[in-house]
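[1] This is a predicted model, with the sequence first.
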Amino acid sequence: MSKTKFNTHHGMVDLLPGEIEQWQALESIVRETARLFHFQEIRTPVLEQTELIARGVGQLTDIVSKEMFAFDRGEDRYVLRPEGTAPVARAYVQNHLAQRGGTQRLFYIGPFFRAERPQKGRQRQFHQFGAELIGASSAIADAEIIAFMQTVYNRVGITNTSLKLNSVGDPESRDAYRKALYNYFQPISGKLSEISRKRLETNPMRILDSKEEEDQPLKIDAPKIFDYLSNRSKEHFNAVTDHLERLHISYVLDPFLVRGLDYYTETAFELTSPDLGSQDALGGGGRYDLLIEDVGGPPTPAVGFACGMERLMIACDALGITMADPPGPDIYFVTRGEAAARWALEFMPDLRTNGLVCTMDYSGRSLKAQMKDANRQQARYTVIVGEQELEKNRITLRNMEKSEETTVHPEELAGSVTAIQKSR
Ligand code: AMP
């Protein structure tokens, strides 16, 4: 009988040793940045109620209308979460986080799912880190959120990014703007792409988002939202740009930036990178002052961002940035004979207590094979030990990079290796 081979689903990948170190390093950078901004982690379930996402993200969005992994079980409708903001809003309401007082400053890291057509930088299971600042309406909160996002990229070393900024206004501004867009595009609707023609009837602002070639010349002269913003929205937006300038965070105004999710109000932003190709968005976010109320909470202003981790990795590859140290052990014990192997096994716990990463051969291989294995594992040092060495109470420490050997007392081993590591 032939054996069946199993593969991951299309658009879903395994993260393997050798690359996982980069991911762990990125997660550490995100956690450390969150700590510095005084945000705390929140972990929500991977499955949510379909209705929450439909209501939160918006029925007419691409995410809800065609990209959800959803299924029913009995009466319950489940969806694999396609984004993090609606789940965090749900958690905020369900767990009465408002009662803790003040603003809630939350961040998350995790997998998300969208049934999109996979391509470079676009997967069906992907990962995001993001942050939500809930309970603050001030433009200072918008600036802090953008600064948080930007700081992660600065710490990673990705600095050639572009921050696009727009306001999508409050509901009144948006209503007026939608009408103006409709009136502008309706007479030329025959020239629009098919998808934009549909959007004209459902959500004309999404036409501005269109990447279809035939829509580009038609967009240029479309009305700009700035001309339709209420005074309050204008003031808020001006305050955001003012704060960003004081923080020396550069931005470009992009009147066509509307973002694909319905819950945004006021500030909308996106961070792009020239190193990503056609899927050039590293991350984005904005204000969502109505979402908490939409999912059953009290009126609560909020602002947040979400960033794609795969895309950050692609940018790192393009720029030659490595965040993680090579994964090799500090010490690999190369042993000759069973007594030496037993000795190494018993010696390693102390070294590990001292913070040194150590390993050994587990299969009684020849010295040559062990040295080869130490090299393959990128060990920084090998300790070569046999019966003779044990009798003399002296072992050979080999610096693999420099091919230098010294003889040390076993008790001196931890000290010598740590001293050399520190001096590097
Ligand atoms: P969004 O929630 O759509 O605003 O997405 C925020 C960020 O997540 C985007 O800028 C991308 O970097 C990333 N992202 C969104 N969808 C995908 C996907 N299907 N595959 C990989 N990354 C994605």
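    All right, it came through fine. Residues are numbered from 1 along each chain as shown.

[2] any idea whether residue 257 is helix, strand or coil?
    What DSSP: H, G, I helix; E, B strand; the rest coil gives for residue 257 is coil.

[3] Surely it touches residue 272?
    No: using C-beta atoms under 8 Å, residue 257 is not in contact with residue 272; the gap is 10.0 Å. For glycine as for every other residue, the C-beta is placed from the backbone atoms N, C-alpha and C.

[4] Find the residues that touch each one of these two.
    Here residue 257 and residue 272 have residue 164 as joint contacts, going by C-beta atoms under 8 Å, 6 or more residues apart in numbering.

[5] any idea how far the ligand is from the spatially closest residue to residue 309 that is not a sequence neighbour?
    Nearest residue to residue 309, sequence neighbours excluded (C-beta to C-beta, 6 or more residues apart in numbering): residue 127, at 4.0 Å. Per C-beta to the nearest ligand atom, to the nearest Å, residue 127 is found 8 Å from the ligand.

[6] ok, now which ones touch residue 127?
    23, 109, 110, 111, 112, 308, 309, 310.

[7] Now for residue 375: which residues touch it?
    residue 400.

[8] Domain map for this protein?
    20-170+230-319, 331-422 (automatic domain parsing).

[9] Can you add distance to residue 207 and give those domains back as JSON lines?
    What follows is these, written out as JSON lines (distance: least, C-beta to C-beta, whole Å):
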{"stretch": "domain 20-170+230-319", "distance to residue 207": "9"}
{"stretch": "domain 331-422", "distance to residue 207": "53"}
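
[10] follow-up on the earlier one: let me see the backbone angles for the residue nearest to residue 309.
    The phi and psi values for residue 127, taken as degrees, to the nearest 10, are phi -130, psi 140.

[11] Could you check the pLDDT of it?
    With respect to pLDDT, residue 127 scores 98.

[12] partner residues bridging the residue in the stretch 151-300 of the chain positioned nearest to the ligand?
    Per C-beta to the nearest ligand atom, residue 281 is where the stretch 151-300 of the chain lies closest to the ligand, at 3.5 Å. Under DSSP bridges, the beta-bridge partners of residue 281 are residue 272.

[13] which residues touch it?
    270, 271, 272, 308, 311.

[14] number of nearby residues for the last one?
    Think residue 311. Applying other C-beta atoms under 10 Å, we find 27 residues neighbouring residue 311.

[15] For the ligand, see how far away it is.
    In terms of C-beta to the nearest ligand atom, residue 311 sits 4 Å off from the ligand.

[16] Backbone dihedrals for that residue, both of them.
    Torsion angles, degrees, to the nearest 10, at residue 311: phi -70, psi -40.

[17] got the contact list for it?
    121, 273, 276, 279, 281, 282, 283.

[18] do that again at 6 Å, thanks
    Counting by C-beta atoms under 6 Å, 6 or more residues apart in numbering, residue 311 touches 121, 276, 282.

[19] If you drop the residues flanking it in sequence, what lies closest to the first one?
    By that I understand residue 121. Spatial nearest neighbour of residue 121, excluding adjacent residues (C-beta to C-beta, 6+ apart): residue 279 at 3.6 Å.

[20] ok, the one you found touching residue 122?
    Yes: counting by C-beta atoms under 6 Å, residue 279 touches residue 122, with 5.4 Å between them.

[21] what about whatever residue of the stretch 51-200 of the chain ends up closest to the ligand, which helix or strand?
    Here the residue of the stretch 51-200 of the chain nearest the ligand is residue 126; by C-beta to the nearest ligand atom that distance is 3.4 Å. Under the criterion DSSP states H and E, the helix or strand holding residue 126 is strand 125-134.

[22] So in that sheet, which strands flank that strand, and in what orientation?
    Assessed with DSSP bridges, strand 125-134 is paired to strand 104-113 (antiparallel), strand 302-308 (antiparallel).

[23] Save those as JSON lines, and put in mean pLDDT too.
    Shown next, in JSON lines, are these (pLDDT from 0 to 100):
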{"stretch": "strand 104-113", "mean pLDDT": "98"}
{"stretch": "strand 302-308", "mean pLDDT": "98"}
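
[24] Please identify the most buried of those.
    strand 302-308 (a mean of 25; mean count of other C-beta atoms under 10 Å).

[25] so what's whatever residue of the stretch 201-350 of the chain ends up closest to the ligand bridging to?
    Closest contact between the stretch 201-350 of the chain and the ligand, by C-beta to the nearest ligand atom, is at residue 308 (2.3 Å). Note on residue 308: beta-bridge partners by DSSP bridges are residue 128.
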